[in-house]
Structure formats: structure tokens, C-alpha cells
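1. the following comprises the amino acid sequence and a computationally predicted model.
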Amino acid sequence: MATIKAVRGTRDLLPPDTTLWNHVESIARSVFARYGFGEIRTPVFEATELFARGVGEETDIVSKEMYTWEDRGRAESDNGQSLTLRPENTAGVVRAYIEHHLDEGGLLQKLFYIGPQFRRERPQRGRYRQFWQIGAEVLGPPFSGSDSALRDAEVLEMLATLLNELKIKGWRLALNSVGSAEDRKRYSVALREALVPVKHLMGEDNQRRAETNPLRVLDSKDPNDQEIINNLPKIADFLEEDSRAHFEQVKAALDACGVPYDLDPRLVRGLDYYTRTTFEFTVPDGSGLGTQNALLGGGRYDGLSEMLGGPKAPGIGFAIGEDRLILTLQAQAEAQEPAKLDAFIAPMGPAQNPGALKLAQELRREGLTVEVGDGAFRLKKSFEAADKLARRMVIFGEDEATSDILTVKDFSAGEQTKVPRAELAAALKVQPSD
């Protein structure tokens, strides 16, 4: 019988790798809390219409990459519904904002999420069909300050803080403005016109984008098309005064906080809901991501709530590809051994198993990390297991159970000592010498 394996484009996350994932998520939660963000958890599938309206029917995500199915009614009288595994989470967060009337309090909503997204794209290094994102959204009624340039700068400063606390080396912030919805429309018209005489010289994907969503041409990494793309109109030339002033305020706030950035006139982000500030954080070559070194991206989406039938709610958000973030940390970090447990308790004989488990319970309640062997193990096997898993081994035999004096083996020091049971937790908390 053939072995059943994980579906192509998915994978299992196992220890010790999950230790790093938990570390990243713990730091993210800590940083978000300092900036006043609360966690939101939305369903992993939504009505297909949400993404068609919010992300855009002509985007690659909606047109080619979504996992969509018809959910038939449970009874003949029930209507079916087209459902989709979420390919991104901003639309779902804004849907929840509208559905739960989060605008009624009049306050700015700061929401973060950590969870899986799904896209049917070609699997490659750091890109999976089920992938994880860490993201956040800031939105609310205009009078809450949600349309302020200060919000954009605060989100970007928070991301710089997060990457620094994760010890990501050499990150670069690329920054641009795609202007208001009206600015973007004028630019799209100009871009489409500029592509007419040259699109036949471009690759197949860019020829299609030139017709359906010309802004996506600017995202292209096709090396053969770069010269053409670099000569296309720049969106900065199509911004009205309000959009220019907003962008200048964003840059001034970043300068005040000492957050470095590079202006990138080609950074437009192809999703339909983006307006004004757009951004992307990248890492240097050699950071484990191959030729595509983007770590996270985001931008402002002042009209998305209205596109989904909700009230006016300007907002800005981002999503970090957690799979890619982990690859970067692994590539940039010096080789490290997984952290070992504080102690391995080795019961000497099956009769000592209950007492060994009781001892482990006491130590764990003191905050120590402990593994318990089995009295059926030979002493040699217990030593081998303890040496792999823990910094010290506690031998628990009949004498130790009777006297409450435990034998402790320190592997790094090569020493074996006797420790009273009442002092054992304190002794195990002392870091062993290297």
C-alpha cells in the first residue's frame, strides 16, 4: 500500500523548528501589544465574492491562485454558495470590521493576526500553497485619525522595531505612494497607453497584465522586460497635491524616528484596494530567500470598506510571510544547537516510575523543563538519552527515594554530585559551566 504524504505545496512543521516559529510569534505578539494591537481570528474560508470584490477579479490571486469550491446546501431548498480558502487576510479583517460594527465606537481599530493562507501557485523556496502570515491592520472612521500619515509612519516604525528585535540583518524598506483612487485611475490609463506599442515585446505574463491589470507589470521580475518597464511613466508624476502632502508627512515622521527608507517609484502593489502609501521590506542576497528577497509588504487601503459595502474606514496594513521570515532567520543565524532540557530523570527500575514522575511534577511546577525516562531502560540507555536531551541527569533509585538525596550528573562539567531533594530545583536552575 502506497504511503500517504503531505500534499504538494504543504509541509509539516516539527520540533525543533517549531521552537523558532513560536519564538518569532512570541516576539511579534509582544511588539504588537506595545503598540496597542489586539488579536483577531477570522475563518480560513470566506465567501468567494469577498476576494473578487476586495482583492480584484483581474489579479493573479483571484483569477489563477484561489482554492474555490461550490458548497452545496444541506437540503434541496438550500442555495449553494461559492466558498474560497483565504488567499490573504486583509479582506477578511475588513469584512469582520463591517459585520461587527466596529466603527460604532468611533475609535481606531488596531488588529493583528497570525495564521495560514492558501494560494494555488507553483511551490518554490519559501513559497507554499499553504503558507503562514503575521499581519496587522489599522482602520476606523476618518475622525478617529485612521487616514493620518502618522498611522502609516507608526506601522512602518513598528515593523522596523519588530525586525530589529528578531535580529534580522540588513533589512531595507522600499517606499512609494500610489496616490488616491483617482490618482491611481489616471495613472492606470496612462500606463495602459504607454504599454500598447511595447507590450508585444514582453513576456506572456506581462502581455496579459498589460491588458487586465497594467499596474502588475511594474511588479514583474522578468529580466527580459526590465528595460521596457524602467521607461514606463512614473506614478509620482500623477499625484494630486493632497497625495503628495500625505507622502511628505509619512517621510517626515520616519525621518524623525530614524527609520531608513529608499524611494521606489515602481513599488505599486497590484491588489486593487491599495491607495497612497505602499511599502516592502527586503533582505540582502544570501538571506535564504533566493532571487526573490521580499520579506513583507503592505500599504494603505482607504476605500476597501466601501468596496465591501461598509462605512468609510481608511486603513493601512501589512503581511509578513512567516515561512520566508523563518528561512531568513535560519540563514542569517550562526549554527546553534537546539536548547536542551534542564533535567532528565532516570528511574532505576519499573518500581521507581511513580516516584520519578512525582519528582518531575515538583520540578516542572518550579518552572524547569524535564523529561522522564522509564525504569525499564538499562542505565546505559538512560545515560545516552539524557545526554542528547538534557544538561543534567537525575538518577532516581531506591536509595534516592528513601533518603531524598538525589544523584545528579552534570554532562558539561563531567561531575556527579549528591543534592538534597529540597534543594534540587535551585541546583538545576544554576547554569552549568561550559
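-> That came through fine. Residues are numbered from 1 along each chain as shown.
2. do you have the strands of the stretch 151-300 of the chain handy? List them.
-> Ranges of strands in the stretch 151-300 of the chain, per DSSP state E, counting those that start in this stretch, are 172-177, 262-263, 275-282, 294-300.
3. now the first one: buried residues?
-> When you say that, I think you mean strand 172-177. By neighbour count on 16 or more other C-beta atoms under 10 Å, the buried set for strand 172-177 is 173, 174, 175, 176, 177. Placement of C-beta: from N, CA and C, glycine included.
4. likewise for the longest one?
-> Within strand 275-282, the residues that count as buried by 16+ other C-beta under 10 Å are 275, 276, 277, 278, 279, 280, 281, 282.
5. distance of the closest residue to residue 222 other than its chain neighbours relative to residue 107?
-> Taking C-beta to C-beta, 6 or more residues apart in numbering, and ignoring the residues beside it in sequence, residue 222 has residue 203 as its nearest neighbour in space, at 4.8 Å. According to C-beta to C-beta, to the nearest Å, residue 203 and residue 107 sit 47 Å apart.
6. need the pLDDT of the closest residue to residue 192 other than its chain neighbours.
-> Excluding its sequence neighbours, the residue lying closest to residue 192 (C-beta to C-beta, 6+ apart) is residue 214, at 4.8 Å. Model confidence at residue 214, given as pLDDT, is 83.
7. and the buried residues of strand 172-177, which is closest to residue 196?
-> Nearest to residue 196 out of those is residue 176 (C-beta to C-beta; 24.2 Å).
8. surely the closest one meets residue 261?
-> No - if you go by C-beta atoms under 8 Å, residue 176 and residue 261 don't touch, sitting 9.9 Å apart.
9. in the stretch 101-250 of the chain, which spans are helices?
-> Using DSSP state H, counting those that start in this stretch, the helices of the stretch 101-250 of the chain run over 149-165, 181-195, 204-212, 226-230, 241-257.
10. typo on my end, it should be the stretch 301-434 of the chain
-> 304-307, 322-332, 353-365, 379-389, 398-403, 421-429.
11. what sits against residue 218?
-> Neighbour list for residue 218: 191, 229, 232, 266, 267, 268 [criterion: C-beta atoms under 8 Å, 6 or more residues apart in numbering].
12. next one: residue 416
-> Residues in contact with residue 416 (C-beta under 8 Å, 6+ apart) are 407, 408, 409, 410.
13. check contacts around the last one.
-> Okay, so that is residue 410. Contact analysis of residue 410 by C-beta under 8 Å, 6+ apart lists 391, 392, 416, 417, 432.
14. can I get the buried part of those residues as one ChimeraX selection?
-> Buried subset of the contacts of residue 410, written as a ChimeraX selection, criterion 16+ other C-beta under 10 Å:
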select :391,392
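15. for the spatially closest residue to residue 279 that is not a sequence neighbour, what are its contacts?
-> Closest residue in space to residue 279, ignoring its immediate chain neighbours: residue 175 at 5.2 Å, by C-beta to C-beta, 6+ apart. For residue 175, the contact set (C-beta under 8 Å, 6+ apart) comprises 156, 250, 251, 254, 261, 262, 263, 264, 267, 277, 278, 279.
16. of all those, which two lie farthest apart?
-> Longest span within the contacts of residue 175, C-beta to C-beta: 254 and 267, 15.1 Å.
17. for the stretch 51-200 of the chain, which spans come out with low pLDDT?
-> Applying pLDDT under 70 to the stretch 51-200 of the chain picks out residues 54, 56-60, 63, 73-78.
18. repeat for the stretch 201-350 of the chain
-> 269-272, 286-288, 290-292, 334-337.
19. one step back: what is in contact with residue 176 and residue 261 at once?
-> What both residue 176 and residue 261 touch, as defined by C-beta under 8 Å, 6+ apart, is the set residue 279.
20. who is residue 47 paired with across the strands?
-> Using DSSP bridges, the bridge partners assigned to residue 47 are residue 83.
21. burial check on it, number of neighbours?
-> Counted with other C-beta atoms under 10 Å, the neighbours of residue 47 add up to 14.
22. residue 81 is in contact with that one, correct?
-> Yes - the pair residue 47 / residue 81 is scored as a contact, 6.5 Å apart, by C-beta under 8 Å.
23. any residues in contact with both of the two?
-> By C-beta under 8 Å, 6+ apart, no residue touches both residue 47 and residue 81.
24. distance of residue 121 from residue 302?
-> Counting by C-beta to C-beta, the gap from residue 121 to residue 302 is 28 Å.
25. surely residue 401 is in contact with residue 353?
-> No - using C-beta under 8 Å as the test, residue 401 is too far from residue 353 to be in contact (11.0 Å).
26. so between the two, which is more surrounded?
-> Neighbour comparison, residue 401 and residue 353: the larger count goes to residue 401, with 19 against 16 (by other C-beta under 10 Å).
27. for the more buried one, what are its contacts?
-> 352, 355.
28. residue 39: neighbouring residues, count only.
-> Number of residues near residue 39 (other C-beta under 10 Å) recorded here: 12.
29. cheers, nothing more for now.
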